[in-house]
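[1] quick one, fold the following:
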Amino acid sequence: MLRIASRHAIVTSVNSAAAVLMSFTRPLSLFRPSLSTKTTKQTPNAVKPKQKKGHISNVETRRKKGIFANAMEKERGPEDRAKLYRSKSFLKNDSEPEERDDVHARRFFDQANDEKLNDIASIRDEIYKFTLSTPAPSIKLNLDDVNVINIETGFSTDKIPKLYHHLDHIVHRPGIYPIDSFLPLQKDGGKFLKNIYQPEEIDFSRIPPYIPPSKDSTLLNFARDANIKYVMSTSTISSALAQIYYMFSGFRIPSFKNISSAYEFEPKQYMISQRKPVTTYLRPIDKAKDIWALDSDSGIFQITNSILIDLGKVIERSLTTSAEEFNSILLKGTPNPENLSLQDDYHRFMRLNNEICLRSQIDCCSLDPVTGKPFVFEIKSRSVCPIRYDLPNYKDYIDYKINSRRGLHSSFEREYYDMIRGAFLKWAFQIRIGRMDGAFVAFHNTKEIFGFEYIKTAEIERRVFGNPITAEVAFVCCSKLLITVLNTILADLKKESFEMLKVGFYACSISKRLVVFVELINESFEWGKLPLFEPTAEVRDEFDYYTKVKPFKNRVVKYDFHIYPYINGVLQQTSSFNLSEGDQVDIKYHVEKFGSTSFADYMSFLHEAYKMETIQLELAYSGVWAKHS
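    Now for the predicted structure:
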């Protein structure tokens, strides 16, 4: 049980095996008997693309012809864009915005439609008839030992990259800044800042590669020294935490307060890309000490277009280096006699609930102009909406520009609205792990940058969680639930033989359960070393791959986790609660073990997790959300 108390600070020192100073410097505001945040000081061992035939270069013309609108709906479900635009009458009915604008929900309800179920209201009644209003026999989650220990490594903030090109002003005065306001300040008139180098011009071997948690020796050493069971990075844990948070919060939707009336009939739920299932790899990295690493899963097919991943690296470096340094180090064909490269090894670490060791990469640093103290933040490159919705055809939208602050299209507001639906939840977890002040966002169309916005952590948390207290509670409780899920799986499979596990998570709004698939893999391969298959006309999705290319032989087991949050002794059956000082939080859970699941069921799950473009009739894992309270 957690009881929320007022914030206060405790400073103490502890002699550890490494003889380091440990101090409590910003405790979480939850105590029962104590929930604390420790900080440990430790030193660890543009070229214009060719136009396709029939290409319409003018964005406004494409919009009038419906092409732009179709791209805007890619994220809702490619197979049903035609169904969405068949009729606009749904905008005039009285059903809730998040349901009438959700393609997957409409497909789900269309499937259920028959003579007796001819309107959404009766379908809802039929669904809720089978939703339990009282918990099944459940286990009370032990929340007495939840804690967060922040581990500061020995590097100086002086080494962390800083913003160049006078962009530091944005961090000190958050807001929206069009690129034109900074061009007169640049020596070259803004040519370097505005225009984006393309991937084929960059020598990516000079940018440090991503290191997965399973290959991070620093993480492993921390885990060994502190007797920690799981190691993860912000990117691997945030996807799993998001699914668990949906369950914990009752599938709460984010806040769209102060978004203009242009978005009155736009979706108000998280994007399908955020609600879909997620898959990860759970690998044993020290069997003697029972240490496991949670790595991301890249899927089974080659990424058809990695332009946004590559440009993210390019844009981040262009914002934190001078034009001269960037060109001399990263451009292909430039002499590099001293083998110079950009350094990327700036991380913060966290020990979470005594069972998880987390790593967060630090992108950038600045100094508070009032106190003179350093603070760190994320750098996020954000492509404009039509490119994100139709990435394989991104070159069709490079003439799309942001030219206004507000509005449904071509505006900074459109991008902010999409970030609420498609980015803020994961960012909130990542920023909290790194103890960051906020996120610096650069908006672009892959050819040029249109502007910048600095979004403070407090603003992100208000949009997602409602208030900072709820954000803190959600983080520690959801991470405790993740530990419980992983411990349950490993305990259940301790007599099984496997080299590693593929673990998939999906929060099902219809049945109010966290669905977990676990594939027992009998071969061992390093992260990023598994050859990815190039799709063909005959092999287009996971079913084709596992029947025609690599016949599926692994055993897959399935679990359902039912999660019941209580606030002040009352079971929460809605998503409208906010926590405050003095509240008491309890969580109960119930596990259903189904044993081996069917091949068809697992393929349906992977189909949605990997976002296959082919249509499938089974919609159990498509991201449909039921009515919200």
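
[2] helices along the stretch 201-350 of the chain, start to end?
    Under the criterion DSSP state H, counting those that start in this stretch, the stretch 201-350 of the chain carries helices at the ranges 217-226, 234-248, 272-275, 307-319, 323-330.

[3] tell me the most buried of those?
    Stretch with highest mean neighbour count among these: helix 234-248 (a mean of 23; mean count of other C-beta atoms under 10 Å). Every residue, glycine included, has its C-beta placed from N, CA and C.

[4] center of this structure - which residue?
    What sits nearest the mean C-alpha location of the chain, by C-alpha atoms, centre = their mean, is Lys426, with 3.6 Å.

[5] host element of that one?
    Lys426 belongs to helix 424-433 when assigned by DSSP states H and E.

[6] give me the average confidence score over stretch 327-334.
    Averaged over stretch 327-334, pLDDT sits at 88.

[7] change the start of the numbering to 21 and stick with it
    In the new count, where the first residue is 21, that last one comes out as stretch 347-354.

[8] endpoint to endpoint, that stretch covers what distance?
    One end of stretch 347-354 to the other measures 8 Å (C-alpha to C-alpha, to the nearest Å).

[9] related to what we said a few turns ago, give me the contact list for the helix or strand following the helix holding Lys446.
    Using DSSP H and E, the next helix or strand after helix 444-453 towards the C-terminus is strand 458-464. With C-beta atoms under 8 Å, 6 or more residues apart in numbering as the test, strand 458-464 has contacts from 183, 187, 190-191, 194, 216, 331, 335, 339, 383-384, 397-404, 422, 432, 435, 439, 447, 451, 469-477, 479-480.

[10] what about dumping the CA coordinates of the helix or strand following strand 458-464 to PDB?
    Using DSSP H and E, the next helix or strand after strand 458-464 towards the C-terminus is strand 469-476. The C-alpha coordinates for strand 469-476 follow below in PDB (Å, rounded to 0.1, in the frame of the first residue of the first chain):
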ATOM      1  CA  ILE A 469      13.500  22.400 -40.600                       C
ATOM      2  CA  PHE A 470      10.400  24.600 -40.000                       C
ATOM      3  CA  GLY A 471      10.800  25.500 -36.400                       C
ATOM      4  CA  PHE A 472      11.400  24.400 -32.800                       C
ATOM      5  CA  GLU A 473       9.500  24.000 -29.600                       C
ATOM      6  CA  TYR A 474      10.700  23.300 -26.000                       C
ATOM      7  CA  ILE A 475       8.200  21.300 -24.000                       C
ATOM      8  CA  LYS A 476       8.800  21.100 -20.200                       C
END
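
[11] same for strand 469-476, what does it pack against?
    Here strand 469-476 touches helix 188-192, strand 196-198, helix 432-442, strand 458-464, going by 3 or more C-beta pairs under 8 Å, 6 or more residues apart in numbering; DSSP states H and E.

[12] and with 7 Å instead?
    With contacts defined as 3 or more C-beta pairs under 7 Å, 6 or more residues apart in numbering; DSSP states H and E, strand 469-476 has these neighbours: helix 188-192, strand 196-198, strand 458-464.

[13] strands paired with the shortest one, and their directions?
    As defined by DSSP bridges, the strand partners of strand 196-198 come to strand 469-476 (antiparallel).

[14] which pLDDT value goes with the residue nearest to the centre of the chain?
    For Lys446, the pLDDT comes out at 97.

[15] do you know how far it is from Glu398?
    Lys446 is 11 Å from Glu398, where distance means C-beta to C-beta, to the nearest Å.

[16] go on, Lys467?
    For Lys467, the distance to Glu398 (C-beta to C-beta) stands at 23 Å.

[17] more neighbours, the two?
    A count of neighbours by other C-beta atoms under 10 Å puts Glu398 above the other of Lys467 and Glu398, at 23 against 18.

[18] done for today, thanks.
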